[in-house]
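Visitor: Below is the sequence, then the predicted model.
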Number of protein chains: 2
Amino acid sequence: MLTPDPDPGPLDAVEPAQAERFSHARTAQSQALLEDYTEMIDDLIRETGEARITDIARQMGVTHPTATKAVARLKREGLAVSRPYRGVFLTETGAEMAERVRGRHRVVVDLLIAVGVPAEAAEIDAEGIEHHVSAATLRAFEDFLKGRG
Amino acid sequence: MLTPDPDPGPLDAVEPAQAERFSHARTAQSQALLEDYTEMIDDLIRETGEARITDIARQMGVTHPTATKAVARLKREGLAVSRPYRGVFLTETGAEMAERVRGRHRVVVDLLIAVGVPAEAAEIDAEGIEHHVSAATLRAFEDFLKGRG
DNA sequence: ACAAAGATGTAGCCATGTCTACATTTTTGC
DNA sequence: GCAAAAATGTAGACATGGCTACATCTTTGT
């Protein structure tokens, strides 16, 4: 039964798939900020024992009010906690995200280098690319790297 | 002379490099919208002969006022032209961008597939990844693909 | 030819993410 | 211990990119 689509023509065939890909990319972008900040906070805590707003701001390349707003969002999303005039800390959820993001970042950089991208370019590009690497793609990257280890 | 940096400590050494990477990624993101729309408009013109606001909106997965705003920005940036109630057309600059973006997109998808990413995931992820692929990385991707052609 | 349907324009709202400017609190250095 | 410096908070402006709602223009179908 059915048998629709009697050749919908070249492009008359609406492309919901394409629209979904764009929507998906936009969603990923909104997650990117959370990921960057949680990883950054985790880095700071590991390296200096605490994550202060000023340090976060400097590392992210933004002014401190911007960092404050971002941290507020992290708190709203249950990824971080903080008290006025005190440092920022990650919740368990936040720490897990940081761990996952860190691992993914490393894999992306390694993959880029493995296919011949210069190290410096790999580091720069990975910062933007990583947020769009799905689980399936990440797995493929890991397998590829393993295959040449 | 100088000889500064007598071991600035683990992280006391401010990391302007990291901040620059984030800034760079943010800039790339602001370019992404322009790239997506110019390529989409080019696609529509190739396939249907014209690019109407409604079609652009549907393909991008947004409402038509959003597409109108995006086109306004394209016009501001000298990438497109249009007249009220008529279709949208690319300027020479816009057409060049579309061409470049199309080529880069194809290379990214091919590279992902070449390293083992499933085709469907490659298409989806490429939509977000491509905007963060620098010239150096693109060249490396091309070389890598050539090396296995 | 004209009414209905469809496409486009425009206004205005909301959320984000950035900034500057200024207020307040905490920390530092004498 | 206290003044100066640094950090943090907060307010408010601006640009972007979404949206809905409504107005207007074009195209379609009979």
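Guide: Arrived safely, thanks for sending. All values reported here derive from a predicted model rather than from experimental measurement.
Visitor: So A:Glu50 is in contact with A:Asp43, correct?
Guide: No. Between A:Glu50 and A:Asp43 there is no contact under Cβ atoms under 8 Å: 11.7 Å. From N, CA and C alone the C-beta is placed, and that goes for glycine too.
Visitor: which one of these two has more residues nearby?
Guide: Ranked by neighbour count (other Cβ atoms under 10 Å in any protein chain shown), A:Glu50 and A:Asp43 place A:Asp43 first, with 19 against 13.
Visitor: In terms of helices and strands, where is that one?
Guide: helix A:16-48 (DSSP states H and E).
Visitor: Point out the other elements, helices or strands, that that helix touches.
Guide: helix A:53-60, helix A:64-76, strand A:88-90, helix A:92-114, helix B:16-48, helix B:53-60, helix B:119-129 (3 or more Cβ pairs under 8 Å, 6 or more residues apart in numbering or on different chains; DSSP states H and E).
Visitor: measure A:Asp43 to A:Arg102 for me?
Guide: 8 Å (Cβ to Cβ, to the nearest Å).
Visitor: ok now do the residue minimising distance to the centre of chain A, which residues does it touch?
Guide: In chain A, the C-alpha nearest the mean C-alpha coordinate belongs to A:His131, at 3.4 Å (Cα atoms, centre = their mean). Applying Cβ atoms under 8 Å, 6 or more residues apart in numbering or on different chains, one finds that A:His131 lies in contact with A:28-29, A:31-32, A:35, B:128.
Visitor: Kindly reformat these as CSV containing neighbour count, distance to DNA strand D and pLDDT.
Guide: Shown next, in CSV, are the contacts of A:His131 (neighbours: other Cβ atoms under 10 Å in any protein chain shown; distance: Cβ to the nearest atom of the strand, whole Å; pLDDT from 0 to 100):
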residue, neighbour count, distance to DNA strand D, pLDDT
A:Ala28, 19, 12, 95
A:Gln29, 16, 9, 93
A:Gln31, 14, 14, 95
A:Ala32, 20, 14, 97
A:Glu35, 20, 19, 98
B:Gly128, 25, 12, 97
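Visitor: and the two most separated of those residues?
Guide: Spanning the widest gap among the contacts of A:His131 are A:Glu35 and B:Gly128, at 13.0 Å by Cβ to Cβ.
Visitor: circling back: need the contacts of A:His131 in a markdown table (columns: distance to DNA strand C).
Guide: Formatted as a markdown table, the contacts of A:His131 follow (distance: Cβ to the nearest atom of the strand, whole Å):
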| residue | distance to DNA strand C |
| --- | --- |
| A:Ala28 | 12 |
| A:Gln29 | 8 |
| A:Gln31 | 9 |
| A:Ala32 | 8 |
| A:Glu35 | 11 |
| B:Gly128 | 15 |
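Visitor: ok, and for stretch A:29-47, which residues are buried?
Guide: Of the residues in stretch A:29-47, those with enough neighbours to count as buried (16 or more other Cβ atoms under 10 Å in any protein chain shown) are A:29, A:32-45.
Visitor: same thing with stretch A:129-143?
Guide: Of the residues in stretch A:129-143, A:129-134, A:136-142 count as buried by neighbour count, 16+ other Cβ under 10 Å.
Visitor: could the residues you listed be laid out in a markdown table, adding pLDDT and distance to B:Gly87?
Guide: Below are the buried residues of stretch A:129-143 laid out as a markdown table (pLDDT from 0 to 100; distance: Cβ to Cβ, whole Å):
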| residue | pLDDT | distance to B:Gly87 |
| --- | --- | --- |
| A:Ile129 | 98 | 34 |
| A:Glu130 | 98 | 37 |
| A:His131 | 98 | 34 |
| A:His132 | 98 | 31 |
| A:Val133 | 98 | 36 |
| A:Ser134 | 97 | 35 |
| A:Ala136 | 98 | 38 |
| A:Thr137 | 98 | 36 |
| A:Leu138 | 98 | 41 |
| A:Arg139 | 98 | 43 |
| A:Ala140 | 98 | 40 |
| A:Phe141 | 98 | 41 |
| A:Glu142 | 98 | 46 |
